[in-house]
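Participant: All I have is the shape, not the residue letters:
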């Protein structure tokens, strides 16, 4: 997933960028951080930027684009990125489009966090008042005066990008005045709607689970032969106890006969009894 976040100062771009990074497994590309990293690494583009920055000048667009190009070639940017602080002007956006086309990459969406400037000013003034009430010093860059200048600069330089990306059907607008959670939910909803990407499971969490499943399968495989042997023994034992073929007849022969006389014996017994009775009657006579 490849995204650009647009919005005036105080719109919450930084907060939402961090949430998108964790949810989709992408990297945040900040022009300031990339410039510092390139200078520290002493890359050809970084050395060029260092000389310009040392003289107090603004780094030209072609140098910034060169630094972004180098950064996109790094492995951690393969899953996608969020551009923060770039582009700021239409010429920069056009240069970025040319770079992505050259690398055969596609920009998925440009998310604009739209906010109410009056509400932002009220928020800054309230925060400054609370800071003074605690007896603390208000930051120089966190005053209504500074915010007014930054908002004016945003409208003059960056706002034309809204029209630029809207014409290219890349612009997605979210109400930045909602709560942080609602803004996050809305961004996720519209990204899912355009089919930009699905949330990724962190690899570190997935690997232990896979290893645990593998261990369980291995244990089950080891237990299987033992279970089979036990089952075989039980079957053999049951077979030995069961009567063999013809065993029922032999068992019947061996079993003691019941004291139930046969029909012939009954007739013999009755005959003897009848003879005894007849003999008794004869004596009496």
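Facilitator: Now that the structure is in, tell me what you want to look at. As the structure is a computational prediction, the values presented were derived from the model and not from experiment.

Participant: in stretch 88-98, what counts as buried?
Facilitator: By 16 or more other Cβ atoms under 10 Å, the buried positions in stretch 88-98 come out as 88, 89, 92, 93, 95, 96, 97. To be clear about C-beta, it is placed using only N, CA and C from the backbone, and glycine gets the same treatment.

Participant: I figured the fourth one hits residue 166, correct?
Facilitator: So that's residue 93. No - in this structure, residue 93 is not within contact of residue 166 by Cβ atoms under 8 Å, at 11.9 Å.

Participant: re earlier: can you list the buried residues of stretch 88-98 in JSON lines and add pLDDT?
Facilitator: Listed next are the buried residues of stretch 88-98 as JSON lines, based on pLDDT from 0 to 100:
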{"residue": "88", "pLDDT": "87"}
{"residue": "89", "pLDDT": "90"}
{"residue": "92", "pLDDT": "93"}
{"residue": "93", "pLDDT": "95"}
{"residue": "95", "pLDDT": "95"}
{"residue": "96", "pLDDT": "95"}
{"residue": "97", "pLDDT": "96"}
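
Participant: Narrow those residues to those in helices?
Facilitator: Per DSSP state H, helices hold the following members of the buried residues of stretch 88-98: 92, 93, 95, 96, 97.

Participant: Select, from the residues you listed, the two members most distant in space.
Facilitator: Pairwise distances across those peak at 9.8 Å for 92 and 97 (criterion: Cβ to Cβ).

Participant: Quick check, residue 157 in contact with residue 90.
Facilitator: No - Residue 157 lies out of contact with residue 90 (Cβ under 8 Å); the separation is 9.2 Å.

Participant: what pLDDT does the nearest residue to residue 155 once chain neighbours are set aside get?
Facilitator: Once flanking residues are discounted, residue 155 sits nearest to residue 8: 7.9 Å by Cβ to Cβ, 6 or more residues apart in numbering. Listed pLDDT for residue 8 reads 87.

Participant: neighbours around residue 8, how many?
Facilitator: Neighbourhood size, residue 8 [other Cβ atoms under 10 Å]: 22.

Participant: Check residue 73 too.
Facilitator: 10.

Participant: where's it relative to residue 99, distance?
Facilitator: In this structure, residue 73 and residue 99 are 11 Å apart, going by Cβ to Cβ, to the nearest Å.

Participant: Show me where the protein has its strands.
Facilitator: Ranges of strands in the chain, per DSSP state E, are 2-6, 27-30, 81-84, 109-114, 171-175.

Participant: Out of those strands, which one sits most buried?
Facilitator: Comparing those by mean neighbour count (mean count of other Cβ atoms under 10 Å), strand 2-6 comes out on top with a mean of 23.

Participant: What strands flank that strand, and is each parallel or antiparallel?
Facilitator: Strand pairing for strand 2-6, using DSSP bridges, gives strand 81-84 (parallel), strand 109-114 (parallel).

Participant: Put together TSV for these, with distance to residue 170 and mean pLDDT on each row.
Facilitator: Below are these laid out as TSV (distance: least, Cβ to Cβ, whole Å; pLDDT from 0 to 100):
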stretch	distance to residue 170	mean pLDDT
strand 81-84	12	89
strand 109-114	5	94
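
Participant: To residue 189, which of those lies closest?
Facilitator: With Cβ to Cβ as the yardstick, what comes closest out of those is strand 109-114 (11.8 Å).

Participant: just the angle between the closest one and strand 171-175, please?
Facilitator: 30 degrees (axes from the mean of the first three to the mean of the last three Cα atoms, to 10 degrees).

Participant: circling back to that earlier point, got JSON lines for the strands paired with strand 2-6, with distance to residue 37 too?
Facilitator: Formatted as JSON lines, those follow (distance: least, Cβ to Cβ, whole Å):
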{"stretch": "strand 81-84", "distance to residue 37": "14"}
{"stretch": "strand 109-114", "distance to residue 37": "24"}
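
Participant: do you know which of those strands lies nearest residue 68?
Facilitator: Using Cβ to Cβ, the strands paired with strand 2-6 put strand 81-84 closest to residue 68, at 7.9 Å.

Participant: Buried residues of stretch 127-147, list them for me.
Facilitator: residue 147.

Participant: mind checking the end-to-end distance for that stretch?
Facilitator: 13 Å (Cα to Cα, to the nearest Å).

Participant: and if you look at stretch 50-67?
Facilitator: Termini of stretch 50-67 sit 12 Å apart (Cα to Cα).

Participant: same question for it, mean pLDDT?
Facilitator: Here stretch 50-67 scores 81 as its mean pLDDT.
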